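Undergrad: give me the fold of what follows.
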Amino acid sequence: MSETETRRRIRAMASAHDPATMRFVLDAPVQQGQSAHWTAPQPDVPLAAALFAVPGVQAVHVAEATITVTQDTSSDWAQLKPQVAAAIRTALDASNAPLGQSQDEDGDSDAALLAKVTDLLDRQANPAIAAHGGHVSAEKLSDGVVYLRMSGGCQGCAASAATLRDGIETMLRAALPELRDIVDVTDHEAGTNPFYSQTPGDSPALTRPVPPDALDWSDGDLRIDPDYLARRLGLATHVLVAGLERGDITRDVETRETPSGEVTRLTIRSPQRAWAADIRADGAVIEVPPARKPAKAATPELKDRARAHLAGLPDKSVPIAYGKLARALGLYLPGSVGRVTAALEQTMREDAAAGRPMIAALACARGGDLPGRGFFDLAAQLGVPVAQDSAAIAAYRKQVRAAHCGQAA
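TA: Numbering: from 1, shown residues only. You can find the predicted model right below:
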């Protein structure tokens, strides 16, 4: 599915959700700092003129190095694809401004944001909405306010408000926090044959699969590719990792029962943006619009949560590995074990100061029954050294259970 010439490399990528859409990806941005969306030829825009000269082309969206082309349903991509690729090469080779000359700075800003909105609608919202006979388009954007128009089944639909509020608005605000407002300008009274007029139900879900290599939970350990997550949050990878370790970037894991089985919702929030995914019972991982940030409630410190969990462990679960303890406390992402061991060190200082056995001894390093070396080093620094052998640590744990869990030593 690629077209290659010596002069200019173009990769054609079909859409998994919309057979009428295909992405043509270049090795460099079409025109630096510019984006565009057209449904008809534009004056003094070479790329628009070239593409709409190809029979069957219905709409074009340009963002960075990607040109997304939508064709009418009567066309065949096998014939259309080489014509579109040739038109792109012709326009780009013939002009240094294939998207036309840039406008004023404010116009550029609004145009770029409008292009991002259109791209999100086309990639994430409309494939799901089209299955119900509807379509949503961004009509214009001015001063950070985007104006959306619903058509097809959405126009006049009783559930259109929920579709906009719970699906599209949530998605757009999460991905584009620079949007000031989202306005529905649809004349719903003029709508005919709304797609929920006969059958009640939920609004279409605006979801997309997470790439298989981006998230894995095959053996009970949740691993997320930090490069993938950083892109979704609009961060550099090192900033993401540092934020997770400091706690500036938060993560929440919630499991709930649904008619199709158990679903685990993972939500990551940075100060500016949020990302969420559902891990379904069949193993599928689906990116979903994150819920609005809940009002901040007082939560126990991690050290107190770790202490409470260790105190409540049954005998058969002692010792517990640091990684398993992290997961039990709802911490799954890179840096979680480090956060847990730091919290355990706090409990050690508290216990040593109070003159009681250190509850952190109930945790152990992976692949063994002894705590990590840091436990023994800190214990020695605190003046309460613990011998580093299995028999000694087993006896010490009995003292811990007696002091913290009410069991006889």
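Undergrad: domain parsing for the protein?
TA: Taking automatic domain parsing as the criterion, the chain consists of the domains 2-94, 105-190, 208-288, 302-405.
Undergrad: by mean pLDDT, show me the worst of those domains.
TA: Among those, domain 105-190 has the lowest mean pLDDT, at a mean of 69.
Undergrad: follow-up on the earlier one: could you export the domains of the chain as JSON lines, including mean neighbour count?
TA: In short, each C-beta sits where N, CA and C put it, glycine included. Converted to JSON lines, the domains of the chain look like this (neighbours: other CB atoms under 10 Å):
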{"stretch": "domain 2-94", "mean neighbour count": "17"}
{"stretch": "domain 105-190", "mean neighbour count": "18"}
{"stretch": "domain 208-288", "mean neighbour count": "15"}
{"stretch": "domain 302-405", "mean neighbour count": "17"}
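Undergrad: need the contact list for residue 262.
TA: Under the criterion of CB atoms under 8 Å, 6 or more residues apart in numbering, the neighbours of residue 262 are 255-256, 281.
Undergrad: got the CA positions of the helix or strand where it lies in CSV?
TA: Here residue 262, judged by DSSP states H and E, is contained in strand 261-269. Output in CSV follows, covering the C-alpha atoms of strand 261-269 (Å, rounded to 0.1, in the frame of the first residue of the first chain):
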residue,chain,number,x,y,z
GLY,A,261,-17.7,-8.6,31.0
GLU,A,262,-15.2,-6.8,33.2
VAL,A,263,-13.7,-3.6,31.9
THR,A,264,-10.7,-1.8,33.4
ARG,A,265,-10.5,1.9,32.8
LEU,A,266,-7.1,3.5,32.9
THR,A,267,-6.9,7.3,33.0
ILE,A,268,-3.8,9.4,32.9
ARG,A,269,-3.9,13.1,33.7
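Undergrad: give the next helix or strand downstream of that strand.
TA: Using DSSP H and E, the next helix or strand after strand 261-269 towards the C-terminus is strand 274-279.
Undergrad: ok, then the element right after that following strand?
TA: strand 285-288.
Undergrad: who are the packing partners of that next one?
TA: strand 208-209, strand 274-279 (3 or more CB pairs under 8 Å, 6 or more residues apart in numbering; DSSP states H and E).
Undergrad: any chance of TSV for those strands, columns distance to residue 64?
TA: Listed next are the helices and strands packed on strand 285-288 as TSV, based on distance: least, CB to CB, whole Å:
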stretch	distance to residue 64
strand 208-209	19
strand 274-279	20
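Undergrad: what's the closest of those strands to residue 326?
TA: Residue 326 lies closest, by CB to CB, to one member of the helices and strands packed on strand 285-288: strand 274-279, at 17.2 Å.
Undergrad: confirm for me that residue 382 is in contact with residue 349.
TA: Yes: using CB atoms under 8 Å, residue 382 makes contact with residue 349 at a distance of 6.7 Å.
Undergrad: quote the end-to-end distance of stretch 73-82.
TA: 17 Å (CA to CA, to the nearest Å).
Undergrad: chain center to it: distance?
TA: Computed by CA atoms, centre = their mean, to the nearest Å, the chain-centroid distance of stretch 73-82 equals 33 Å.
Undergrad: ok, now stretch 231-249?
TA: 13 Å.
Undergrad: ok, and what's touching that stretch?
TA: With contacts defined as CB under 8 Å, 6+ apart, stretch 231-249 is touched by 226-227, 229-230, 251, 268-275, 287, 333-335, 338-339.
Undergrad: so what pairs up with the residue nearest in space to the middle of the chain in the strands?
TA: Taking CA atoms, centre = their mean as the criterion, residue 275 is the residue nearest the geometric centre of the chain, at 3.6 Å. Residue 275 has these beta-bridge partners by DSSP bridges: residue 268.
Undergrad: measure it to residue 174 for me?
TA: With distances taken as CB to CB, to the nearest Å, residue 275 is found 7 Å from residue 174.
Undergrad: between those two, what contacts are shared?
TA: Jointly contacting residue 275 and residue 174 under the rule CB under 8 Å, 6+ apart are residue 290.
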